[in-house]
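Chemist: Turn this into a structure:
(chains A, B and C)
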Amino acid sequence: MLQTMAHGEATSYGSKSRSTRQRVLLLGAGSFASEIADLIDEIPGYSVVAFVESLDRSKAGETFDGLPIVWIDDVLKLASDHVAICALGTTKRSGFVEKVSSMGVRFVSLVHPTAQVSSTSTLGRGTLVSRGSIIASHTKIGRHVVINRGCLIGHHAEIGAFCTISPGANVAGNSRIGTAVYVGMGAIVLNGIRIGDHSVVGAGSVVTRDVPDHVQVIGVPAKIVKEEIEGL
Amino acid sequence: MLQTMAHGEATSYGSKSRSTRQRVLLLGAGSFASEIADLIDEIPGYSVVAFVESLDRSKAGETFDGLPIVWIDDVLKLASDHVAICALGTTKRSGFVEKVSSMGVRFVSLVHPTAQVSSTSTLGRGTLVSRGSIIASHTKIGRHVVINRGCLIGHHAEIGAFCTISPGANVAGNSRIGTAVYVGMGAIVLNGIRIGDHSVVGAGSVVTRDVPDHVQVIGVPAKIVKEEIEGL
Amino acid sequence: MLQTMAHGEATSYGSKSRSTRQRVLLLGAGSFASEIADLIDEIPGYSVVAFVESLDRSKAGETFDGLPIVWIDDVLKLASDHVAICALGTTKRSGFVEKVSSMGVRFVSLVHPTAQVSSTSTLGRGTLVSRGSIIASHTKIGRHVVINRGCLIGHHAEIGAFCTISPGANVAGNSRIGTAVYVGMGAIVLNGIRIGDHSVVGAGSVVTRDVPDHVQVIGVPAKIVKEEIEGL
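Modeler: Take a look at the predicted model:
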């Protein structure tokens, strides 16, 4: 069976009217968050109602794309009737996510209606799959992963928590990608490859060998160009 | 909201029968025009009725894919009850387009039903979006642009008039692509990059730095290999 | 017209119930076959009922993904009420296919519902088109070809029998790909290029010149790195 609906819990109403949609808080208030807000509005049952800012206190109270920006500490009072998902491209987002989670806000996993996730595959809580992406069979995607538009993820693969998979990335079957890995636009990861935690794969790279933790690789084939990095 | 319908004006009938479809003239009579005719026939409300030739007078009167080839000067008498769109891959098509436009033929923008254009993004008149392409939020596509199959165009991007975006090209958010730029198959343009007018990006290139006007770039990362060019 | 339905013969029932679906034998019993079984279950009218093994006799009688593994010699008694399709990634699969075919099993061509094949294009018997792939107009795909997820195949192209086109490969219009060619993940083949029989194009390569028979090419642009090979 094809899963094209949102993976989060269904609303208790079933109506498409805005008032009965789940109210979504987006973690982040930059142009990428604006894009995520737009695509979530195309997912039945969900409506973005605010952006959450954690760095620049002065942004709180402003509006962005017509919606309010809420300071992170003020999320607490929204916990009971809002859900959340992270809309940051950086892989250094676990602190922000864990803080909001500790306030009692429930994170949802969302799949755009034009994306495909095999019914044999699983998505962790807080994970987003954008427009047109395909996740083949028997694959495990961790928590709070961003799979951007047009990605191809193969069968029997594993992608760890807090990864960012950039537009058009092409990850083969049987691959294992660690925690908080950044895979750049259009990068190709071959069958069975392992990529270590907190590593970065440059855009357009072709990863033909295993990649250790905490390195940046670039090129065709991909080679290590930086070490001791902490994601992107 | 998702826009999956044709961006041109709706027919006044609403029927899908061929007789009430808008009659489309395709500028061009080569194999690429044949492909464009095929995909336009999959767009409700439109039917290609002729190809328009501007270079080889002897082709006029022949048929191609079962449809007549019309010489450009003879388009004048079709202006009142036909619409047009350009089906040339070259970026040097503005003269042809402007001449037909000056005859009073109205150009339409067409989006294949399987393509996605965010409702926050805009397409200029005469622009075509082919099968399976995705245009993210808040992006402005200029007039008479060809976005071929399977392209990924990011958020808050701008693409100028008369550009050709080849199959599978992957253009990031916040990028700015000038007028009459040719982006080759599967090329990757990173976030925030600017590409100057009349430049050419080779197939499979990864554009990591801004590109000036009138140059050709190739490679991973893309480097200038030709200057003082005039598109492709 | 868009072809989004299975290309094999329709069932004589029209019901979607599992009991009236065509019973499909998959040639192969590895993780790739598991993926193919999953996507075929998303095609109305077809249901995978067994995997067929031709190398390791000891596997016969075991189950895989909950379905039996059948030894190739035992296919004979299933010929009358089963159809078949090959689920091997290697291009060296003609012997296996021809043997099963000689037993009287009919091969079907299957197109995932999210793939698009122009109505002007043709697929040979036994060919599979996976999720999200696009085949443009006037293109001829040979027998027993595997077109994996997210491939873009251009107009007026030809792809020979027993080819494997890997995920995200991007093959231009007017290209000619021979028999039993392996095109790697995300590889780009430019307009009008010819690729000889039994050759291999490495993942992420950009093929800018014709490729002879029996060679492996890799890189941007692709260069010959091995000769006298026999596919992959």
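Chemist: And A:Ile195, how far from A:Val217?
Modeler: A:Ile195 sits 8 Å away from A:Val217, going by C-beta to C-beta, to the nearest Å. Every C-beta, even on glycine, is put in place using the N, C-alpha and C of the backbone.
Chemist: Could you pull out the residues contacting both of these two?
Modeler: Listed as contacting both A:Ile195 and A:Val217 by C-beta atoms under 8 Å, 6 or more residues apart in numbering or on different chains are A:201, A:207, A:211.
Chemist: The last one: what's it in contact with?
Modeler: For A:Val211, the contacting residues are A:193-196, A:199, A:201, A:217, A:222, A:224, taking C-beta under 8 Å, 6+ apart as the criterion.
Chemist: hmm, which of those residues are the buried ones?
Modeler: Neighbour counting by 16 or more other C-beta atoms under 10 Å in any protein chain shown classes A:193-196, A:199, A:201, A:217, A:222 among the contacts of A:Val211 as buried.
Chemist: Out of those, list just those in strands.
Modeler: Among the buried ones among the contacts of A:Val211, the members found in strands (DSSP state E) are A:194-195, A:201, A:217.
Chemist: partners of the closest residue to A:Ile224 other than its chain neighbours in the sheet?
Modeler: Leaving aside its chain neighbours, A:Ile224 sits nearest to A:Val215 (4.9 Å; criterion: C-beta to C-beta, 6 or more residues apart in numbering or on different chains). Beta-bridge partners for A:Val215, by DSSP bridges, are A:Glu227.
Chemist: for A:Val215, what are its contacts?
Modeler: A:196, A:199-200, A:224, A:226-229.
Chemist: Check the spacing between it and A:Glu158 real quick.
Modeler: Plainly put, A:Val215 is 19 Å away from A:Glu158 if you go by C-beta to C-beta.
Chemist: Let me see the backbone angles for A:His138.
Modeler: Note on A:His138: its backbone torsions stand at phi 60, psi 30 [degrees, to the nearest 10].
Chemist: OK, contacts around it?
Modeler: Contacts of A:His138 (C-beta under 8 Å, 6+ apart): A:118, A:120-121, A:155-156, C:31, C:34-35, C:38.
Chemist: where are the low-confidence patches of chain A?
Modeler: Residue ranges of chain A with pLDDT under 70: A:1-19.
Chemist: again, only using 90
Modeler: When residues are selected by pLDDT under 90, those of chain A lie in A:1-20.
Chemist: where along chain A do the helices fall?
Modeler: Using DSSP state H, the helices of chain A run over residues A:31-40, A:94-102.
Chemist: Of all the ones you listed, which one comes closest to B:Val97?
Modeler: Closest to B:Val97 of the helices of chain A, according to C-beta to C-beta: helix A:31-40, at 30.7 Å.
Chemist: what's across from the residue nearest the centre of chain A in the sheet?
Modeler: By C-alpha atoms, centre = their mean, the mean C-alpha position of chain A lies nearest to A:Val146, the distance being 1.7 Å. With DSSP bridges applied, A:Val146 shows beta-bridge pairing to A:Leu128, A:Thr164.
Chemist: wouldn't it be in contact with A:Cys86 here?
Modeler: Yes - the criterion here is C-beta atoms under 8 Å, and A:Val146 meets it with A:Cys86 at 7.2 Å.
Chemist: Please identify every residue contacting each of these two.
Modeler: Residues touching both A:Val146 and A:Cys86 (C-beta under 8 Å, 6+ apart): A:Leu128.
Chemist: what about A:Val206, how many neighbours?
Modeler: Using other C-beta atoms under 10 Å in any protein chain shown, A:Val206 has 28 neighbouring residues.
Chemist: Just give the closest residue to it, not the sequence neighbours.
Modeler: The shortest distance from A:Val206 to any non-neighbouring residue, by C-beta to C-beta, 6+ apart, is to C:Gly204 (3.7 Å).
Chemist: ok, now which ones touch that neighbour?
Modeler: A:188, A:204, A:206, A:220, B:204, C:184-187, C:220.
Chemist: what's the closest of those residues to A:Gly173?
Modeler: The shortest approach to A:Gly173 among the contacts of C:Gly204 belongs to C:Met185, at 10.1 Å (C-beta to C-beta).
Chemist: Report the separation between the closest residue to A:Asp65 other than its chain neighbours and C:Ala115.
Modeler: Leaving aside its chain neighbours, A:Asp65 sits nearest to A:Ser34 (5.2 Å; criterion: C-beta to C-beta, 6+ apart). According to C-beta to C-beta, A:Ser34 and C:Ala115 sit 31 Å apart.
Chemist: ok, now A:Leu67?
Modeler: Distance from A:Leu67 to C:Ala115, by C-beta to C-beta: 37 Å.
Chemist: for A:Val171, same thing?
Modeler: Where C:Ala115 is concerned, A:Val171 sits at a distance of 20 Å (C-beta to C-beta).
Chemist: Compare those two (neighbour count), which wins?
Modeler: Neighbour count, other C-beta under 10 Å: between A:Val171 and C:Ala115, A:Val171 has more, with 30 against 24.
Chemist: So that one is in contact with A:His156, correct?
Modeler: No - at 11.4 Å, A:Val171 does not count as touching A:His156 under the criterion of C-beta under 8 Å.
Chemist: what about the strand ranked longest in chain A, distance to the chain center?
Modeler: Counting residues, the longest strand found in chain A (DSSP E) is strand A:46-53. Chain-centre distance of strand A:46-53: 15 Å, with C-alpha atoms, centre = their mean, to the nearest Å.
Chemist: neighbouring strands for it, and are they parallel or not?
Modeler: Assessed with DSSP bridges, strand A:46-53 is paired to strand A:22-27 (parallel), strand A:67-71 (parallel).
Chemist: Pull out the CA atoms of that strand and give them to me as CSV.
Modeler: What follows is strand A:46-53 as a C-alpha-only set of coordinates in CSV (Å, rounded to 0.1, in the frame of the first residue of the first chain):
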residue,chain,number,x,y,z
TYR,A,46,-2.5,20.5,9.2
SER,A,47,-2.2,24.2,9.3
VAL,A,48,0.9,26.2,10.3
VAL,A,49,-0.1,28.9,12.8
ALA,A,50,3.3,30.3,14.0
PHE,A,51,7.0,30.2,13.7
VAL,A,52,9.2,29.6,16.7
GLU,A,53,12.4,31.6,17.1
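Chemist: what's that strand in contact with?
Modeler: A:6, A:8, A:18, A:21-29, A:33, A:36-37, A:40-41, A:59-60, A:64, A:67-72, A:75, A:78, A:82, A:84, A:87, A:100, A:108, A:110.
Chemist: Which residues are in contact with the closest residue in space to A:Gly30 that isn't next to it in sequence?
Modeler: Nearest non-adjacent residue to A:Gly30, counting by C-beta to C-beta, 6+ apart: A:Leu88, 7.8 Å away. A:Leu88 makes contacts with A:27-28, A:30, A:32-33, A:96, A:146, as judged by C-beta under 8 Å, 6+ apart.
Chemist: Now restrict the residues you listed to buried residues only.
Modeler: A:27-28, A:32-33, A:96, A:146.
Chemist: Make TSV from the residues you listed and add distance to C:Arg131 to it.
Modeler: What follows is those, written out as TSV (distance: C-beta to C-beta, whole Å):
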residue	distance to C:Arg131
A:Leu27	30
A:Gly28	30
A:Phe32	26
A:Ala33	29
A:Phe96	33
A:Val146	21
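Chemist: For chain B, see how far away the nearest residue to A:Gly196 once chain neighbours are set aside is.
Modeler: Nearest non-adjacent residue to A:Gly196, counting by C-beta to C-beta, 6+ apart: A:Asp213, 3.3 Å away. A:Asp213 sits at a distance of 25 Å from chain B (criterion: C-beta to the nearest C-beta, to the nearest Å).
Chemist: Pretty sure A:Asp213 sits against A:Asp197.
Modeler: Yes - using C-beta under 8 Å, A:Asp213 is in contact with A:Asp197, at 4.7 Å.
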